[in-house]
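K.L.:
predicted structure and sequence below. I'll ask about it afterward.
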Amino acid sequence: MAEKLITCVVNNSVKQGSKFWGEHGLSFRIKMGDTCMLFDTGQSETVLLHNYGLLGACPRSLAALVLSHAHYDHTGGLQSVLTQKPDVPLFAHPDIFRPRFSLRDGEYRSIGMALSQNDVSRLANLHLSAEPMEVLPGIWTTGEISVRNEKEGRSKHHFIAVDNGWQADPYRDDMSLVVEDSAGITVICGCCHAGLLNTLAHAARHFKKPIIRILGGTHLLNATPDELQHIIAVLRDEYGSPELYLNHCTGDAAFVALSNAFGEKVHTFPAGASLLIE
């Protein structure tokens, strides 16, 4: 399999000494030879384009784009990508265009995609599926993580509108990426609203290879100490303590707990950081 260089383009924090800008959001670039793809687009066009430009590239060179879920901090730079790269293949879950809301101070505020499905369909070559899809050779979406026996990465503030009012967002659109190599698979998470352990179980079940690395936002920032110890035990006993490259919504307490458990296998992955998968 070809080497894959994974770079964090947008994140809450930036690599020390770099010229990257930070914002609450997430985006990754994956490069294979001369072929590049994006996973999520951060919160804003300004930060995405600035940081992507530091990589010596622009959206016009993209071969594919994947969206992990609908939230604004993962889809905010979408229009700039689609404007510069018309008809780019865009992979997402069919539920991604459902409006999403956050309830704060008694008011429901939109936190979903700014573009409608019609807008995106005019600009992109849209691939919507709840099943895993191969984006580039050896790089797949997980598809919908429908079996959720473990705790989800849920916020009490997140809602969708239904016929009779409001209900808690089921996060059906939440997907991750799976990158294959000769040793196993790397799971790249956007926000893990489906739950980290549910996402890993789904990936292991569908791809039938050992999980050797986990990257991205794991939505553990509200996890209790007992929940973190359970996650640590599962990562150790079921998955053989994979390498962890964590950012975005992981949370400081979770990072410390995982670092105490797994030592040098745990890394931060700020904007500007890269990882080569051979």
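P.N.:
Nice, thanks for sending it over. Keep in mind that what you see is a predicted model, and the values were worked out from it rather than measured.
K.L.:
drop to CA atoms for contacts and neighbour counts, all remaining ones
P.N.:
Fine.
K.L.:
got any ranges where the stretch 1-150 of the chain has weak pLDDT?
P.N.:
Applying pLDDT under 70 to the stretch 1-150 of the chain flags the ranges 1.
K.L.:
mind listing the helices for it?
P.N.:
Taking DSSP state H, counting those that start in this stretch, the helices of the stretch 1-150 of the chain run over residues 45-54, 72-75, 78-84, 117-123.
K.L.:
just these: most buried one?
P.N.:
When you average the neighbours per residue for each of those (mean count of other CA atoms under 10 Å), helix 72-75 leads with a mean of 25.
K.L.:
what is that one packed up against?
P.N.:
Contact here means 3 or more CA pairs under 8 Å, 6 or more residues apart in numbering; DSSP states H and E; on that basis helix 72-75 packs against no helix or strand.
K.L.:
and that helix, how far out from the chain middle?
P.N.:
10 Å (CA atoms, centre = their mean, to the nearest Å).
K.L.:
likewise stretch 269-278?
P.N.:
Distance, centroid of stretch 269-278 to centroid of chain: 14 Å (CA atoms, centre = their mean).
K.L.:
just the buried residues of that stretch, please?
P.N.:
For stretch 269-278, the neighbour count (16 or more other CA atoms under 10 Å) marks 269-274, 277 as buried.
K.L.:
average pLDDT across it?
P.N.:
Per-region confidence: stretch 269-278 scores 95 on mean pLDDT.
K.L.:
C-alpha coordinates for it, CSV please?
P.N.:
Output of stretch 269-278 as CSV, limited to C-alpha atoms (Å, rounded to 0.1, in the frame of the first residue of the first chain):
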residue,chain,number,x,y,z
PHE,A,269,-1.9,16.3,17.4
PRO,A,270,-2.3,20.1,16.9
ALA,A,271,-2.7,22.0,13.6
GLY,A,272,0.6,21.6,11.7
ALA,A,273,1.4,18.2,13.1
SER,A,274,1.9,15.3,10.6
LEU,A,275,2.0,11.5,10.8
LEU,A,276,3.4,9.2,8.1
ILE,A,277,1.7,5.8,7.7
GLU,A,278,3.8,3.4,5.7
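K.L.:
any idea how far Val135 lies from Glu278?
P.N.:
Distance, Val135 to Glu278, using CA to CA, to the nearest Å: 18 Å.
K.L.:
Gly22: how many residues sit nearby?
P.N.:
Around Gly22 there are 21 other residues, counting by other CA atoms under 10 Å.
K.L.:
distance of it from Ser129?
P.N.:
From Gly22 to Ser129 the distance is 31 Å (CA to CA).
K.L.:
now do Ala204
P.N.:
As judged by CA to CA, Ala204 and Ser129 stand 19 Å apart.
K.L.:
next: Phe28.
P.N.:
Distance from Phe28 to Ser129, by CA to CA: 21 Å.
K.L.:
quick one: which of the two has more around it?
P.N.:
A direct count of neighbours by other CA under 10 Å for Phe28 and Ser129 places Phe28 higher, at 27 against 16.
K.L.:
find the nearest non-adjacent residue to that one, please.
P.N.:
Cys8 (4.5 Å; CA to CA, 6 or more residues apart in numbering).
K.L.:
tell me who's in contact with that neighbour.
P.N.:
Contacts for Cys8 (CA atoms under 8 Å, 6 or more residues apart in numbering) come out as 26-29, 269-274.
K.L.:
10 Å instead, please
P.N.:
Contacts for Cys8 were tallied using CA atoms under 10 Å, 6 or more residues apart in numbering; they are 14-15, 26-30, 38-39, 51-52, 215-216, 247, 269-275.
K.L.:
got it, and Val135?
P.N.:
37, 63-66, 89-91, 127, 141, 177-178.
K.L.:
go with 7 Å
P.N.:
Ala64 (CA atoms under 7 Å, 6 or more residues apart in numbering).
K.L.:
what about the strands in the stretch 51-200 of the chain?
P.N.:
62-66, 88-92, 101-104, 107-110, 124-128, 134-136, 139-141, 158-162, 165-168, 177-181, 184-189 (DSSP state E, counting those that start in this stretch).
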